[in-house]
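[1] next input, structure requested:
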Amino acid sequence: MKPNAIRLAFLILFFALALSFTDSVRAQQPVPTPSDDDVNRVAKQLYCPVCENTPLDVCPTQACQEWRELIRLKLSEGWNDQQIRDYFATQYGDRVLSEPPRRGLNWLVYTLPPVIFLAGAALVFLVLRGMRPKTAPLGPGPAPDAPVPAPVEPNEPIDEYLSRVEEELKRAEKS
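    You can find the predicted model right below:
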């Protein structure tokens with residue numbers, strides 16, 4: 001081979017190797033620092049371990065400030081929201097999560113309210129349906145213009161007590 005061809009081959013090999021290392025250099029660029037909005041997005045999903053029922057993003061305690069800085073650090077390391085929530089739940093228990101995980105008895109939180117609502121709606125429907133006045137069945141029957149027969153009065157009173165009351169009323173009318 002000619003010396004110029006060998007030099008050209010080495011030069012091409014050198015540039016090829018040099019270009020192959022540039023991807024690894026670009027991959028090691030620093031991750032931008034997460035903004036306060038990013039930190040608060042995650043912090044809204046967590047509750048303060050010290051204050052009761054206070055979201056982490058609005059809690060003024062020192063512990064919450066440290067937690068927010070830890071969230072900022074985890075985000076800058078490339079963790080996603082779910083990984084950070086799982087980390088805090090592992091460290092402090094499920095009580096720090098704004099939404100309980102859907103497992104175990106926590107399923108009752110998600111299923112019981114709709115079941116109770118539907119049962120109540122069915123009960124109200126049945127009660128209202130039972131309160132409707134009963135209508136006469138459709139079909140053959142007396143004509144609408146036909147006279148309604150008068151109720152037949154029995155010759156003797158049905159009840160002995162009723163007969164006494166009627167006698168007392170007749171006496172009161174005569175007096």
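[2] hey, where'd the helices end up in this structure?
    3-20, 22-27, 36-43, 62-76, 81-92, 107-131, 160-174 (DSSP state H).
[3] elements contacting the third one?
    Looking back up the chat, that one is helix 36-43. helix 62-76, helix 81-92 (3 or more C-beta pairs under 8 Å, 6 or more residues apart in numbering; DSSP states H and E). From N, CA and C alone the C-beta is placed, and that goes for glycine too.
[4] mind giving me the packing neighbours of the longest one?
    The reference is to helix 62-76. helix 36-43, helix 81-92.
[5] what about this structure, any weak spots by pLDDT?
    The chain contains residues with pLDDT under 70 at 1, 3, 11, 13-32, 104, 106, 135-158.
[6] find the centremost residue of it, please.
    The centroid of the chain falls nearest to Tyr110 when counting by C-alpha atoms, centre = their mean (5.9 Å).
[7] using TSV, lay out the helices of the chain together with distance to Asn53.
    Below are the helices of the chain laid out as TSV (distance: least, C-beta to C-beta, whole Å):
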stretch	distance to Asn53
helix 3-20	55
helix 22-27	43
helix 36-43	15
helix 62-76	13
helix 81-92	15
helix 107-131	15
helix 160-174	67
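[8] out of those, which comes closest to Ser98?
    Closest of the helices of the chain to Ser98 is helix 81-92, at 9.0 Å (criterion: C-beta to C-beta).
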